[in-house]
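**Q** What follows is a predicted protein model with its sequence.
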Amino acid sequence: MSDPVTPMNGAVYTHGIAKISEVIPTGMITLRGALADKGFAKALRAATGLDVPGTREILHDGDLSLAWMSSDELLLICPHMQALDRTQQLADELRDFHALAVNVSDARALFEVSGPHAREVLAKLAPVDLAPGQFGPGDMRRTRLAQAAAALWMPAPDVFRIICFRSVAQYTFDVLKVAAQPGSQVGVFHG
């Protein structure tokens with residue numbers, strides 16, 4: 001099997017008000033099913049060790065994260081090398097349910113925006129209330145960045161992770177760089 005290749009070949013931008021970097025290849029598995037079904041939740045827990053996250057939440061346990069994407073969709077984030085096996089394990093555990101587990105790792109790009117102005121960079125691009133107290137670690141949003149569909153969360157204070165389709169990785173990286181240009185801070189979150 002060939003080594004995974006990221007869409008931006010590990011691109012990094014460090015010249016602005018926040019650091020923008022492509023994250024190493026990451027496993028991503030889309031899960032569809034009846035999230036409120038107790039049997040589905042039990043099978044999911046057996047496969048991942050994680051509960052179904054609440055609306056607009058992301059849960060973490062070690063190197064696994066489970067994100068709410070919609071009322072019938074979750075995203076399991078794991079090390080890239082585990083994605084195929086975890087997809088099969090999920091399919092096996094969920095076989096008695098009307099459910100879908102599909103490995104979308106190579107169809108997505110993952111970026112990180114970090115630094116004291118990271119929140120401001122993303123607030124310029126996404127129609128989401130990113131004010132402290134409104135959005136923080138544990139929160140997940142499916143939204144857009146300028147004209148590209150995206151999902152974002154904060155794994156730590158002053159750090160955001162952004163998932164987009166691989167086909168718009170260059171565009172997403174470029175709009176993040178523009179929003180992070182030197183001297184472009186607005187000061188809405190830092191005064």
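**A** Received, thanks.

**Q** partner residues bridging Ala109?
**A** Under DSSP bridges, the beta-bridge partners of Ala109 are Cys164.

**Q** what's the burial count for Val178?
**A** Val178: 14 surrounding residues under other C-beta atoms under 10 Å. C-beta coordinates here come from the backbone N, C-alpha and C atoms, glycine included.

**Q** hang on, it in a helix?
**A** Yes - per DSSP: H, G, I helix; E, B strand; the rest coil, Val178 lies within a helix segment.

**Q** Which residue, other than its chain neighbours, is closest to Ala34?
**A** Using C-beta to C-beta, 6 or more residues apart in numbering and skipping the chain neighbours, the partner closest in space to Ala34 is Phe40 (5.5 Å).

**Q** Surely that neighbour and Leu100 touch.
**A** No - taking contacts as C-beta atoms under 8 Å, Phe40 lies outside contact range of Leu100: 11.6 Å.

**Q** Give me the common contacts of these two.
**A** By C-beta atoms under 8 Å, 6 or more residues apart in numbering, Phe40 and Leu100 have these common neighbours: Gly33.

**Q** pLDDT on stretch 149-158, on average?
**A** What stretch 149-158 shows for mean pLDDT is 96.

**Q** So what touches that stretch?
**A** Contacts to stretch 149-158, defined as C-beta under 8 Å, 6+ apart, come from residues 58, 60, 67, 69, 75, 114-116, 118-119, 122, 126, 128, 135-145, 160-165, 168, 172.

**Q** Looking at Phe40 and Leu100, which has the bigger crowd around it?
**A** A side-by-side neighbour count of Phe40 and Leu100, using other C-beta under 10 Å, places Phe40 first with 20 against 14.

**Q** how far away is the nearest residue to Leu125 once chain neighbours are set aside from Ile162?
**A** In this structure, Leu125 finds its nearest non-sequential neighbour in Leu145, 4.4 Å apart by C-beta to C-beta, 6+ apart. Separation of Leu145 from Ile162 (C-beta to C-beta, to the nearest Å): 7 Å.

**Q** what residues do those two have in common as contacts?
**A** Taking C-beta under 8 Å, 6+ apart as the criterion, Leu145 and Ile162 both touch 122, 152, 172, 176.

**Q** rewinding a little: could I get the pLDDT score of the residue nearest to Leu125?
**A** Looking at Leu145, its pLDDT is 97.
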